[in-house]
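**Q** The sequence isn't on hand, but the structure is:
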Ligand SMILES: Cc1cc2nc3c(=O)[nH]c(=O)nc-3n(C[C@H](O)[C@H](O)[C@H](O)COP(=O)(O)OP(=O)(O)OC[C@H]3O[C@@H](n4cnc5c(N)ncnc54)[C@H](O)[C@@H]3O)c2cc1C
């Protein structure tokens, strides 16, 4: 067994580990990124199949995170960036078995058929709801029901939670999953009040646009060649500092640093970042600290199946173009939603062809993962027939399974993070990163990677210290 050395070892080469490795390397730190699989990218993969460009996982990031913009620029990828067009603003939610247009702004809600009149009036009454400013966490659903009423919580907010987390709004933590919404209540007294105040603030700064209460705003962005473009660029930059097919099988203390067990080798590093999902990090921590491993291992995740369906444009005649639709949990439809990829990023298929991606499973239907490809495809096609009237057979099919695809931040997740941080404190030079902890989106992973690399670079001249999640 050979012994090897690095200043920092990064476990996992998803976007978190790759971005971290890249930034550490730019800071002049000797880093090794270790990836169990034979390819880097984790959830991110863009597959060309029969003229379609199928995203296995994420299909883009919002362009409002400076750390992501900096990464794209540093990698020289600016000229490959593609932004979603106007059609991305045309979205639907399924209500009573039919597609209803999602109002983009509160005034459009009044003329919309997405809620009953009573439900709409209750949303508008949000102005008058008292603000809760105590520190207690609550579910996204409870928060929404309290502020905009039960109906809007069940339809609008549950659909949003489905779209982002494939999650159950009744279990997700407001503070961890939608910290911005909580801030709007705490700082401004409510969502409408916050939107008005923030609009004024933006105007005062001479800015336009900005997000609503449901998200941070920004335009969905990707690359002409698909999201994996960023992975390829990071892999190129890391060169021999990235080692594929190298699972980290054990982790222990050694000579004031860390020893990582690799197949047929030991790697000694001053610092270690475990940038794998929490359920994969937990076994590595078990011998080191059973309590820490238990906390980390208890962070749940939801399975997601992505069914990519390629159609000739002719066979989708009559289907309105847009971003796609989401299915809230109160609807009896066994899918989470469908994204109309081609109409968001036109190069996702050849002219005259359209790529749709249907998501199935999530926290509310974990058993979907057990179904055969044919059963999952049948679910997707039945939903498309019912909602869009599509009866044609797809000319391209791809089923991608993510058995523990999206971490879920249940109510109490902020306290879990506090306990993890406390448990990490004695383990100097050890950190946890990735989407299991402080943000599930690519932007959050990239921002965290940049910050952690800067923090460790500035501490590199001193003794290793400062464990954190
Ligand atoms: C279906 C789906 C759709 C999504 N859509 C979006 C979207 O549109 N926009 C968005 O911003 N985000 C989206 N996300 C979330 C986004 O994919 C993640 O935030 C991001 O890719 C997570 O990256 P990561 O590096 O933290 O983890 P991962 O991508 O999970 O990578 C972790 C890596 O660690 C490796 N690993 C694990 N254990 C070990 C070990 N012991 N040794 C070595 N390597 C190990 C794994 O093999 C893996 O490569 C989506 C996710 C899914 C599943």
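**A** Sure, I can see it. Note that the coordinates shown come from a computational prediction; the quantities given were computed from them, not determined experimentally.

**Q** Give me the nearest residue to the closest residue to the ligand within the stretch 251-400 of the chain, chain neighbours excluded.
**A** Closest approach between the stretch 251-400 of the chain and the ligand, counting by Cβ to the nearest ligand atom: residue 276, at 3.2 Å. (C-beta placed from N, C-alpha, C; glycine too.) Leaving aside its chain neighbours, residue 276 sits nearest to residue 12 (3.8 Å; criterion: Cβ to Cβ, 6 or more residues apart in numbering).

**Q** residues in contact with that neighbour?
**A** Counting by Cβ atoms under 8 Å, 6 or more residues apart in numbering, residue 12 touches 33, 34, 35, 36, 42, 274, 275, 276, 280, 434.

**Q** What about those, which one has the most neighbours?
**A** Most neighbours among the contacts of residue 12, by other Cβ atoms under 10 Å: residue 275, with 33 neighbours.

**Q** rewinding a little: and the contacts of residue 12, which two are furthest apart?
**A** Farthest-apart pair in the contacts of residue 12 is 33 and 280; separation 14.9 Å (Cβ to Cβ).

**Q** what does the domain assignment say about the protein?
**A** Following automatic domain parsing, the chain resolves into domains at 2-43+227-299+410-459, 46-61+82-87+301-407, 116-204.

**Q** With mean pLDDT as added columns, please give those domains in CSV.
**A** Below are the domains of the chain laid out as CSV (pLDDT from 0 to 100):
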stretch, mean pLDDT
domain 2-43+227-299+410-459, 97
domain 46-61+82-87+301-407, 97
domain 116-204, 95
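
**Q** With respect to residue 101, which of those domains lies nearest?
**A** Each of these has some distance to residue 101 by Cβ to Cβ; the shortest is domain 46-61+82-87+301-407, at 8.6 Å.

**Q** Okay, now the closest one: how far is its last residue from its first?
**A** Using Cα to Cα, to the nearest Å, one end of domain 46-61+82-87+301-407 lies 21 Å from the other.

**Q** quick one: the residue nearest to residue 276 from the ligand, how far?
**A** Shown here: residue 12 relative to the ligand, a distance of 3 Å by Cβ to the nearest ligand atom, to the nearest Å.

**Q** Around the ligand, which positions in this protein sit nearby?
**A** Counting by Cβ under 6 Å from any ligand atom, the residues of the chain close to the ligand are 11-17, 34-37, 42-44, 57-61, 247-248, 275-277, 280, 304, 306, 402, 405-406, 434-435, 440-443, 445.

**Q** Now the buried members of those.
**A** 11-17, 34-36, 42-44, 57-61, 248, 275-277, 280, 304, 306, 402, 405-406, 434-435, 440-443, 445 (16 or more other Cβ atoms under 10 Å).

**Q** can you tell me which of those residues are in helices?
**A** Judged by DSSP state H, helices contain the following of these: 15, 16, 17, 280, 442, 443, 445.

**Q** how about these, which pair is most distant?
**A** Within these, 280 and 443 form the most distant pair, 21.7 Å apart (Cβ to Cβ).

**Q** can you give me the strands in the stretch 301-450 of the chain?
**A** Along the stretch 301-450 of the chain, the stretches classed as strands by DSSP state E, counting those that start in this stretch are 301-312, 324-326, 337-339, 353-361, 396-407, 430-432.

**Q** Dump those strands into CSV; add distance to residue 129 as well.
**A** Shown next, in CSV, are the strands of the stretch 301-450 of the chain (distance: least, Cβ to Cβ, whole Å):
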stretch, distance to residue 129
strand 301-312, 30
strand 324-326, 25
strand 337-339, 29
strand 353-361, 32
strand 396-407, 30
strand 430-432, 37
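
**Q** Could you pull up the contacting residues of the residue lying closest to residue 129 once chain neighbours are set aside?
**A** Leaving out its chain neighbours, the residue that sits closest to residue 129 by Cβ to Cβ, 6+ apart is residue 147, at 5.4 Å. By Cβ under 8 Å, 6+ apart, the residues touching residue 147 are 126, 129, 185, 190, 191.
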